[in-house]
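Participant: next one to model:
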Amino acid sequence: MENAKLTMLGTGNAVVSHIYNTCFVVSTENTSLLVDAGGGNGILSQMDKAGISLSRIHDVFVTHAHTDHMLGVVWVIRMFIQKSISGDCNGVLNVWSHEKVIEMLKYISENTLAPKHLKQMGECIVFHTLENRDEFSVGEFHLTAFDILSTKEKQFGFVCCLPNDEKLVCLGDEPYNPQNKELVENADWMMCEAFCKYADRDVFHPYEKHHSTAIDAAMIAQQLNVKNLVLYHTEEKTIATRKRDYTLEAKTKFTGNIFVPDDLDEIKL
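Facilitator: Below is the predicted model:
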């Protein structure tokens, strides 16, 4: 059985300008799930650079309504409609998220897209409103959406059962909440934001921004008996040494495998 892979289209936080905002694709040969889309039409460039055709994307999971995660979805919707009109995309684009995100995406689309695109939107764009702990399937993947219990903005993470029966967990872009322990413990793969190194906390102020450091993520992964830890949603000022330095810091608290991807990196799951 072919393993799934993770393609990081972007790895940066909300205010980066030299890398792209955090978003990624989980895929097999037959299934592709886009998770978030960054803050603008840069998503189209990132997908092109990664060799991911929009015609392969039929499902998008949106974690929350912040600009650096949601606005790129509007561009994906617009281009999917355009390609559907021209015959380059078949089927529908399913957009999965909680009520606030779905309502905002509908509102922005209805007030910014051209009439010819709006006319087609109801036929090729399908919005799915999820509640906490809802389960749904995307091709070969079975997912459970869960509320990360943010104190800042309603946000969903997810658990994804891969075709090889391994479990991939996305915690969103805020610290892990112990109330979700039963869902995320013993994960084969855990994706966790790491705004900066703990050593740089006085420079980047992660805690004031409701974010974690590399050490924080590593400690949680160790406590939850995670096998593989993926760190993302970071600052970009240390990008030249980020992969090495974040890995070294996380290794002081976590004994599993650590991945600190750059934009467009692929990880075999």
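
Participant: can you pull out the helices in this protein?
Facilitator: 42-49, 67-86, 99-112, 115-124, 181-184, 201-204, 214-223, 242-251 (DSSP state H).

Participant: can you point out the buried residues in the first one?
Facilitator: Looking back up the chat, that one is helix 42-49. 42, 43, 44, 46, 47 (16 or more other C-beta atoms under 10 Å). For glycine as for every other residue, the C-beta is placed from the backbone atoms N, C-alpha and C.

Participant: quick check: the third one touching residue 80?
Facilitator: No. Shown here, residue 44 and residue 80 do not form a contact pair, counting by C-beta atoms under 8 Å, at 10.9 Å.

Participant: between the two, what contacts are shared?
Facilitator: residue 54 (C-beta atoms under 8 Å, 6 or more residues apart in numbering).

Participant: what are the contacting residues of the lowest-mean-pLDDT helix or strand in the chain?
Facilitator: One helix or strand of the chain scores below all others by mean pLDDT, DSSP states H and E: helix 115-124, with a mean of 92. Helix 115-124 is contacted from outside by 77-78, 80-82, 84-85, 89, 91-93, 109-110, 113, using C-beta under 8 Å, 6+ apart.

Participant: mind checking how far the residue nearest in space to the middle of the chain is from residue 156?
Facilitator: Residue closest to the mean C-alpha point of the chain, counted by C-alpha atoms, centre = their mean, is residue 35 at 3.9 Å. The span separating residue 35 from residue 156 equals 11 Å under the rule C-beta to C-beta, to the nearest Å.

Participant: list residues touching both of these two?
Facilitator: 61, 63.

Participant: and the end-to-end length of stretch 205-212?
Facilitator: 10 Å (C-alpha to C-alpha, to the nearest Å).

Participant: most surrounded residue in the contacts of helix 115-124?
Facilitator: residue 80 (26 neighbours; other C-beta atoms under 10 Å).

Participant: for that one, which residues are in contact?
Facilitator: Contacts of residue 80 by C-beta under 8 Å, 6+ apart are 54, 57, 89, 93, 124, 125.

Participant: ok, those residues vs residue 180, which is closest?
Facilitator: Nearest to residue 180 among those is residue 57, at 27.2 Å by C-beta to C-beta.

Participant: correct me, but that closest one touches residue 31?
Facilitator: No. Contact criterion C-beta under 8 Å: residue 57 and residue 31 do not qualify, at 10.3 Å.

Participant: other residues contacting stretch 81-99?
Facilitator: 54-55, 57-64, 73, 76-77, 80, 102, 105, 113, 116-117, 120-121, 123-131, 136, 138, 145, 147, 154, 156.

Participant: go on, stretch 168-179?
Facilitator: 4, 6, 13, 22, 26, 35, 63-64, 66, 69, 148-150, 152, 155-160, 162, 183-184, 187-193, 210-212, 216, 220, 224, 226, 233, 269.

Participant: so, low pLDDT: which residues of the stretch 1-150 of the chain?
Facilitator: 1-2 (pLDDT under 70).

Participant: what's the local residue count around residue 228?
Facilitator: Residue 228 has 19 nearby residues by other C-beta under 10 Å.

Participant: for residue 73, list the residues it contacts.
Facilitator: 36, 37, 60, 62, 95, 105.

Participant: ok, how many other residues are close to the first one?
Facilitator: In terms of burial, residue 36 registers 28 neighbours under the definition other C-beta under 10 Å.
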